[in-house]
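Visitor: Quick one: sequence and predicted model below, then my questions.
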Amino acid sequence: MSQFNVHKEGDVMRQADGDGHFRRAQSTFRHQIPSPQFAPEKDRYALLWHRGCPWAHRTVIVRQIKGLEDMIQLIELDGMEFGPGKGWTFEKTKDPLYGFKYLREFYNKADPEYVGRVTVPMLWDKKNETIVNNESSEIIRMFYSAFDKLLPDHLREETKGDAGLYPPLLRPSIDAMNEWVYNEINNGVYKIGFAASQATYNANIGPLFAALDRLEAHLGKSSDPYLFGAHITEADIRLFPTIVRFDSAYHTLFKCNLKMIRHDYPLIDRWLRTLYWDESERTRGGAFKTSTDFDSFRRGYAAVSGSGIVPGGPLPLILGPPS
Ligand SMILES: N[C@@H](CCC(=O)N[C@@H](CS)C(=O)NCC(=O)O)C(=O)O
């Protein structure tokens, strides 16, 4: 079965609640590394992802920026089947651990009674054969420092001080931005794309663009390249997967079309291109670019939002490196 075949029945397609609003379900598995059950160990954990998913995207960026490639195995799901009991699949890719076809089989191995949503990203413990955590915001924070003792000194969060991904002095500002960026932008595009009535679409489209205006104004307050100064932080990593999908997916396929990043938000566009095209040591060889797969997310959003037909533009999918 090809990627994102659309059978519009069953639980995977049910996104909006009865009142037409999309509400993202709480993640279920919330264990931490380090903890008595889950010690940081080389090659004990695997991160399961799909290139289309923005929540999974942020975890893969952090895995690379932190230099955890040899520490945490990456397992890619490349398909989606819609219908009861289905969901994310291994189509051309193979599950190297058990030979499973569905991500659901991992969830059921961890908990045979599990009936919640089967989502990526998911962090798997190969030793205890269970799920550590399936909440991206928590997975990325674990990656910042949980494995630091096993990493060379220069990659440790503590060593980086103010240049870390979540430096103590910036935490209140990063947390405050995360709050509105999550509600109005990261999840905001889904509230619009999955709105099941005109009224809910109308209610959500304004706040999304007001938040993008706020972001543009924030970037205008300094000449720094990143959201909080001269160094990449969590705020940049959490925003990037949504903005890189915006013009070529959300604008058309999710009807988030009052404005485009490239035409209407020059500072956000510059920030985006700065991160995307950076292949220096700062991104450990291009963590943003190598993890971005325009084809995958455009096919995915086309499947869940309509007929599966992928729009031709805008071309190029992202503008070139900033001058
Ligand atoms: N709160 C979760 C959300 C993850 C999420 O919703 N992932 C989507 C893909 S982008 C998913 O797997 N959806 C399948 C479903 O809801 O059935 C996180 O940030 O990790």
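Guide: Now that the structure is in, tell me what you want to look at.

Visitor: which parts of the stretch 51-200 of the chain sit against the ligand?
Guide: The stretch 51-200 of the chain has residues 53, 55, 87, 117, 118, 119, 120, 121, 134, 135, 136, 137 near the ligand, with proximity defined as CB under 6 Å from any ligand atom. Placement of C-beta: from N, CA and C, glycine included.

Visitor: List the residues that contact the third one.
Guide: For residue 87, the residues meeting the contact criterion (CB atoms under 8 Å, 6 or more residues apart in numbering) are 12, 80, 81, 102, 103, 104, 118.

Visitor: My guess is the fourth one contacts residue 84. True?
Guide: This points to residue 102. No: no contact is recorded between residue 102 and residue 84 when judged using CB atoms under 8 Å, the distance being 11.9 Å.

Visitor: which two in the residues of the stretch 51-200 of the chain next to the ligand are spaced the farthest apart?
Guide: Maximum pairwise distance among these (CB to CB): 21.3 Å, between 87 and 137.

Visitor: Give me the distance from stretch 269-280 to the chain's centre.
Guide: Between the mean C-alpha point of stretch 269-280 and the mean C-alpha point of its chain there is a distance of 17 Å (CA atoms, centre = their mean, to the nearest Å).

Visitor: Using neighbour counts, pick out the buried residues of it.
Guide: For stretch 269-280, the neighbour count (16 or more other CB atoms under 10 Å) marks 269, 271, 272, 273, 274, 275, 276, 277, 278 as buried.

Visitor: what do you get for stretch 313-323?
Guide: Those would be 318, 319, for stretch 313-323 by 16+ other CB under 10 Å.

Visitor: Residues in contact with that stretch: which ones?
Guide: 244, 247-248, 251, 260, 262, 269-270, 272-274, 276-277, 294.

Visitor: go with 7 Å
Guide: By CB atoms under 7 Å, 6 or more residues apart in numbering, the surrounding residues in contact with stretch 313-323 are 244, 247, 248, 262, 269, 270, 273, 274, 276, 277, 294.

Visitor: Contact partners for the fifth one?
Guide: Residue 269 is in contact with 261, 262, 319, counting by CB under 7 Å, 6+ apart.

Visitor: In the chain, mark out all the strands, start to finish.
Guide: In the chain, the segments counted as strands under DSSP state E are 45-49, 72-76, 79-81, 87-89, 122-125, 130-133.

Visitor: Output these as a markdown table; include the columns mean pLDDT.
Guide: Converted to a markdown table, those look like this (pLDDT from 0 to 100):
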| stretch | mean pLDDT |
| --- | --- |
| strand 45-49 | 98 |
| strand 72-76 | 98 |
| strand 79-81 | 95 |
| strand 87-89 | 97 |
| strand 122-125 | 98 |
| strand 130-133 | 98 |
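
Visitor: how about the top helix by length along the chain: buried residues?
Guide: Under DSSP state H, the helix in the chain containing the largest number of residues is helix 198-220. Of all the residues in helix 198-220, those buried under the rule 16+ other CB under 10 Å are 200-201, 204-205, 207-209, 211-212, 215-216, 218-219.

Visitor: ok, back up a step: now, which of the buried residues of stretch 269-280 lie within helices?
Guide: For the buried residues of stretch 269-280, membership in helices holds for 269, 271, 272, 273, 274, 275, 276, with DSSP H as the criterion.

Visitor: among those, which two are most distant?
Guide: So for those, where distance means CB to CB, the most widely separated pair is 269 and 275, at 11.2 Å.

Visitor: pLDDT at the residue of the stretch 201-323 of the chain found nearest the ligand, what is it?
Guide: When CB to the nearest ligand atom is the measure, the stretch 201-323 of the chain has its nearest residue to the ligand at residue 300, with 8.2 Å between them. In this model, residue 300 is scored at 96, pLDDT.

Visitor: Settle this for me: it is touching residue 52, isn't it.
Guide: Yes: here residue 300 reaches residue 52: they are 3.5 Å apart, a contact under CB atoms under 7 Å.

Visitor: Contact partners for the closest residue to residue 265 other than its chain neighbours?
Guide: The shortest distance from residue 265 to any residue that is not its chain neighbour, by CB to CB, 6 or more residues apart in numbering, is 4.9 Å, and that residue is residue 216. With contacts defined as CB under 7 Å, 6+ apart, the neighbours of residue 216 are 265, 267, 268.

Visitor: number of nearby residues for residue 165?
Guide: 23 (other CB atoms under 10 Å).

Visitor: next one: residue 128
Guide: Counted with other CB under 10 Å, residue 128 comes out at 13.

Visitor: Closest one of the residues of the stretch 51-200 of the chain next to the ligand to residue 18?
Guide: Out of those, the one with the shortest distance to residue 18 is residue 117. That distance is 17.0 Å, counting by CB to CB.

Visitor: Need the nearest residue in space to that closest one, chain neighbours excluded.
Guide: That would be residue 25: by CB to CB, 6+ apart, it lies 5.2 Å from residue 117.
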